[in-house]
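1. need the 3D shape of this:
(2 chains)
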Protein chains: 2
Amino acid sequence: MKENKYDDIEFFNQYKKMSRSVEGLQRAGEWHELKKMLPSFKEARVLDLGCGFGWHCNYAVEMGAKSVIGVDISEKMLQEAREKTTSPLVEYIKMPIEDIDYPEESFDVVISSLAFHYIDSFQEVCRKISNLLVKGGDFILSVEHPIFTAEGSQQWHYDAQGNPLHWPVDRYFEEGPRKAIFLGEEVVKYHKTITTYVNTLISCGFEITKLVEPKPADYLMDEPGREDELRRPMMLLISARKK
Amino acid sequence: MKENKYDDIEFFNQYKKMSRSVEGLQRAGEWHELKKMLPSFKEARVLDLGCGFGWHCNYAVEMGAKSVIGVDISEKMLQEAREKTTSPLVEYIKMPIEDIDYPEESFDVVISSLAFHYIDSFQEVCRKISNLLVKGGDFILSVEHPIFTAEGSQQWHYDAQGNPLHWPVDRYFEEGPRKAIFLGEEVVKYHKTITTYVNTLISCGFEITKLVEPKPADYLMDEPGREDELRRPMMLLISARKK
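-> Numbering: from 1, shown residues only, chains lettered A, B, ... in the order given. This next block holds a predicted model:
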């Protein structure tokens, strides 16, 4: 069964309240770094895998994209995305990311924000992405950082006073499902090592152009809990170019 | 002051007793992976930064290197290296890694095993390495993994029964010195993020060819404590090619 937690009503309603859902990219802790890693969208054919509310699709159009396809497994996400989107250049498709099937070299840019940690195998989809990109095309992805997903609970280890003592890492080499509590609900995420992300990209014909473990932007540091985000990386961003 | 803990007699005597010191590469937990990342040494001019006992220098000669220079800050390390080395193709030089100064394109391969976490800045030395390598030349390095160095104590977090509960991560984004106990002595190591290692290589003109967080080899799992090495990565290996 492919993961589709976002069509669970309770979970979706919680997700909708997150500041990144309400206010979009400016409230997403990694956006200030991801933005710098994006290529030019001018006249680009763009594919967004796990497009969610469509923030990145709309951004790509604003930046001059010729066409954008947003793929997401969740109907609720896509409903919201369609409501937020006015440009006819964006098309949304309900589909598990794993099932994408496009002709060779039919896209110039592939983006994927915080989706691949919901997918068991990176290998197969990475090979597809390499095929559907033109030579010199760019693939930019963000995932939950392996430090964040390894142990599984996605919780700080607290001291006796209830303060976060440190972040626990365990089971790092044990790739596969982790049941964590996210927004008050049990969610399954798939831990993978940095080795797997980087070498899968390389073996699928990509050159790594940048790797960033982002700190939250300074202007977000007023939000509760953000300062703990300076203690361990929560996300991993990678940009790669098809050779 | 450049780090030279290995000329401290007590520390050095402890280091000499480690299985990787006594038996060499076969007893080093990462060797089975590092070996696969090495390029051909046939007729290569090789530079080994932080050569220690010279195991990698001697290996390069066995594999057909034309010449090998081993650089290390520690006189005691180099004494031991000279005793272990019979080939006239190897030259050992006492020098801090940071001080290397070679003409452009004077080497085909640069290797560095577990040395850069003793050095404050990776940027400057990486630029030098890029300059002294030929185009298409290879740079292969291993360091202590940022997960291993971030918090600083380099100790497991133990439960009430004295068993390792998990590995603590903290201060990840705070690059710089960490005082840890290694072999019973206080040693200063410099934490850097994966972001820093990877992007510094890329910005110095390298293409990342592989990144590996090695598990210890199966044949080493009989050593005490090795099974805990399967719970979090201790080392980070990167191979890169000068573009």
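2. would you list the phi and psi of the nearest residue to A:Lys84 once chain neighbours are set aside?
-> Using C-beta to C-beta, 6 or more residues apart in numbering or on different chains and skipping the chain neighbours, the partner closest in space to A:Lys84 is A:Gly54 (5.5 Å). Glycine gets a C-beta too; all of them are placed from N, C-alpha and C. Note on A:Gly54: backbone dihedrals following degrees, to the nearest 10 are phi 80, psi 20.
3. and A:Gly54, how many neighbours?
-> When neighbours are defined as other C-beta atoms under 10 Å in any protein chain shown, A:Gly54 has 25 of them.
4. right, and it touches A:Ile93 too?
-> No - counting by C-beta atoms under 8 Å, A:Gly54 stays clear of A:Ile93, with 11.7 Å between them.
5. next, the buried residues of stretch A:217-228.
-> A:Ala217, A:Leu220 (16 or more other C-beta atoms under 10 Å in any protein chain shown).
6. could you pull out the helices for chain A?
-> A:9-17, A:19-23, A:31-37, A:55-62, A:75-84, A:122-132, A:146-149, A:194-203 (DSSP state H).
7. which of these sits most buried?
-> A comparison of the helices of chain A by mean neighbour count, using mean count of other C-beta atoms under 10 Å in any protein chain shown, puts helix A:146-149 on top with a mean of 24.
8. flag the shaky bits of chain A, pLDDT-wise.
-> Within chain A, the stretches with pLDDT under 70 are A:1.
9. and the residue nearest the centre of it?
-> Centroid check for chain A by C-alpha atoms, centre = their mean gives A:Leu114 as the closest residue, at 1.7 Å.
10. and it, what does it touch?
-> Applying C-beta atoms under 8 Å, 6 or more residues apart in numbering or on different chains, we find A:Leu114 in contact with A:Gly50, A:Ser142, A:Val143, A:Glu144, A:Met235.
11. would you mind confirming that A:Glu91 is in contact with A:Val71?
-> No - because the distance of 9.6 Å does not satisfy C-beta under 8 Å, A:Glu91 is recorded as not touching A:Val71.
12. out of the two, which sits in the busier spot?
-> A:Val71 (23 against 12).
13. tell me how far that one lies from A:Ala44.
-> A:Val71 is 16 Å from A:Ala44, where distance means C-beta to C-beta, to the nearest Å.
14. one step back: any common contacting residues for A:Gly54 and A:Ile93?
-> A:Gly70.
15. how about the residues of chain A near chain B?
-> Within reach of chain B by C-beta under 8 Å from any C-beta of the partner chain, chain A has these residues: A:147, A:150-151, A:157, A:165-173, A:193-195, A:198-199, A:202, A:207-213, A:215, A:230-233.
16. if we use 7 Å, what do you get?
-> A:147, A:151, A:157, A:166-173, A:193-195, A:198-199, A:202, A:207-213, A:215, A:230-233 (C-beta under 7 Å from any C-beta of the partner chain).
17. just the buried ones among those, please.
-> A:147, A:151, A:157, A:166-173, A:193-195, A:198-199, A:202, A:207-213, A:215, A:231-233.
18. return the subset of those lying in strands.
-> Those of these mapping onto strands are A:His157, A:His166, A:Trp167, A:Pro168, A:Val169, A:Glu207, A:Ile208, A:Thr209, A:Lys210, A:Leu211, A:Val212, per DSSP state E.
19. list the helices and strands the longest strand along chain A packs on?
-> The longest strand of chain A (DSSP E) is strand A:133-144. Identification of packing neighbours for strand A:133-144 by 3 or more C-beta pairs under 7 Å, 6 or more residues apart in numbering or on different chains; DSSP states H and E yields strand A:107-113, strand A:235-242.
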